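K.L.:
need a structure here:
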Amino acid sequence: MIKKFLLVVLIVGLFTGVATAAYLFLFPYQPNQPPIVDDTGSIQQGVQEVVNANNEFAFDLYSELNKSKEGNLFYSPYSISAALAMTYEGAKGQTAKEMKSVFHFPENDVLRPNFAAIYNSLNEENKSYELRTGNALWAQHDYQFLEDYTSRVEQYYGGKVANLDFKNEIEESRKTINSFIEEQTNDKIKDLIPKGILSPMTKLVLTNAIYFKGTWEWEFDKSDTRDQDFKITPTNAVKTPMMYMDPGKARFNYADLEKLQILELPYKGEKISMLVLLPKQGNNYETREVIISDYSLEDIELSSEKLSEYKAQMSETKLDSISLPKFEFDSKYFMKETLSAMGMPTAFANADFSGMDGTKNLLISQVIHQAFVKVDEKGTEATAATAVGMELKSAMPSNIFRADHPFMFVIQEKETGNILFLGRVVDPRQKE
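P.N.:
Predicted coordinates:
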């Protein structure tokens, strides 16, 4: 009996090992070990140009999503830009012109080495937090792509090629890509590409994933978290776990502006931080007068330039208290219509991606973006992934910061200001 049991265990173990090995064999590289890319020629000014482009796209996308999407929002502008930058490398003519405009890409001699420098910087090991990003190309094994294109994407973006069979093994190919993304995102992004997205016409899928897990420089004490009111609107409050901190001697980068408060919460390691942009609502005590503010996110001017302006007015400040809700949610966007509306419709219709294969037969079939964020007393876990499918054409007191109403948040690289994630919390109870 014991021998039979051990034999069954051995068989199951071997089967699992073979299945895992089969997946790994199809992966372009170990998911948690993205390759180093060539950033020769990168300079600080060039890095800032690419950062500015990413940040401009971040707020352009927020504005577009805000037109039709209510409630919580969360996405990684960096992930979307990275996936579409690899796609842009194969675009020509009007297709390239529109993509360049939507993503604010600088000229190629600036974009390539400096995007590479940002990618390498994000993947630098830091014992205080986890941060990594990786790109991949998933190509139909018998479709001929230009070596100039694939080598350039690998050189500057780390987008190594893995060959799959979308003609005969659609489901197996989909599972392989999704499995790779799951491992890249610590199992937080599952089923990025749902059934029905890929087809025998699919020739290439480009993916990016980014993962961050950091601990607050000054953690919130769990024993101080209480269920308190969060005002979804001035007349609609819900109970939610609200974290609380008495900063003591700690000083935070902060500004009290006309319509909003802005606070920077740093993570251990000194390179990544969260900015919280909180519209002023309710009583705001200045000197001896009580001034009642009634601003919402709709009243706050949001753009890359305005964020820089807000940040320039911040200074190290002693705060009396900080309150922030715990929240956790994920989001998923099918971005074909969104990106078309933002100014690049040609990529999805009469596209010219001849830089990929030497023909004008390819177009973008879909852009899928999925993101997850969790904020609690200890810190933040945030991750996102983007897939681009290419197929053949077919025919209060001023020093109190209390985020008890809708707010925005930005997770950034402190030194460059590069926006890695951007979100909006309207109802912290929502999970998606």
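
K.L.:
can we go C-alpha only for contacts and neighbour counts from here?
P.N.:
Will do.

K.L.:
so what's the backbone phi/psi at the residue nearest to Lys222 when sequence neighbours are not counted?
P.N.:
For Lys222, ignoring the flanking residues on the chain, the nearest one in space by Cα to Cα, 6 or more residues apart in numbering is Glu377 at 6.1 Å. Dihedral pair for Glu377: phi -60, psi -30, per degrees, to the nearest 10.

K.L.:
which residue is nearest the centroid of this protein?
P.N.:
Computing the C-alpha centroid of the chain and ranking residues by Cα atoms, centre = their mean puts Ser76 first, at 1.8 Å.

K.L.:
Surely it and Ile411 touch.
P.N.:
No - at 9.3 Å, Ser76 does not count as touching Ile411 under the criterion of Cα atoms under 8 Å.

K.L.:
residue ranges for the strands of the stretch 1-150 of the chain, please.
P.N.:
Per DSSP state E, counting those that start in this stretch, the stretch 1-150 of the chain carries strands over the ranges 73-75, 129-140.

K.L.:
tell me the most buried of those strands?
P.N.:
For these, ranked by mean neighbour count under the definition mean count of other Cα atoms under 10 Å, the leader is strand 73-75 at a mean of 26.

K.L.:
Touching it from outside, list them.
P.N.:
330-331, 369-373, 384, 421-425 (Cα atoms under 8 Å, 6 or more residues apart in numbering).

K.L.:
which of these has the most neighbours?
P.N.:
Within these, most neighbours by other Cα atoms under 10 Å means Ala384, with 33 neighbours.

K.L.:
now that one: how far from His405?
P.N.:
25 Å (Cα to Cα, to the nearest Å).

K.L.:
Then Pro325?
P.N.:
Distance of Pro325 to His405, computed by Cα to Cα: 9 Å.

K.L.:
Kindly indicate which of the contacts of strand 73-75 lies nearest Gly93.
P.N.:
Closest to Gly93 out of those is His369 (25.9 Å), distances taken as Cα to Cα.

K.L.:
How about that closest one, nearest residue that isn't a chain neighbour?
P.N.:
His369 sits nearest to Thr386 (Cα to Cα, 6+ apart), 4.4 Å away.

K.L.:
surely the one you found meets Met335?
P.N.:
No - assessed by Cα under 8 Å, Thr386 is found out of contact with Met335, at 10.1 Å.

K.L.:
overlap in contacts of these two?
P.N.:
Counting by Cα under 8 Å, 6+ apart, the residues touching both Thr386 and Met335 are 367-369.

K.L.:
Looking at those residues, which is nearest Ser273?
P.N.:
Set against Ser273, the nearest of the shared contacts of Thr386 and Met335 by Cα to Cα is His369 (22.8 Å).
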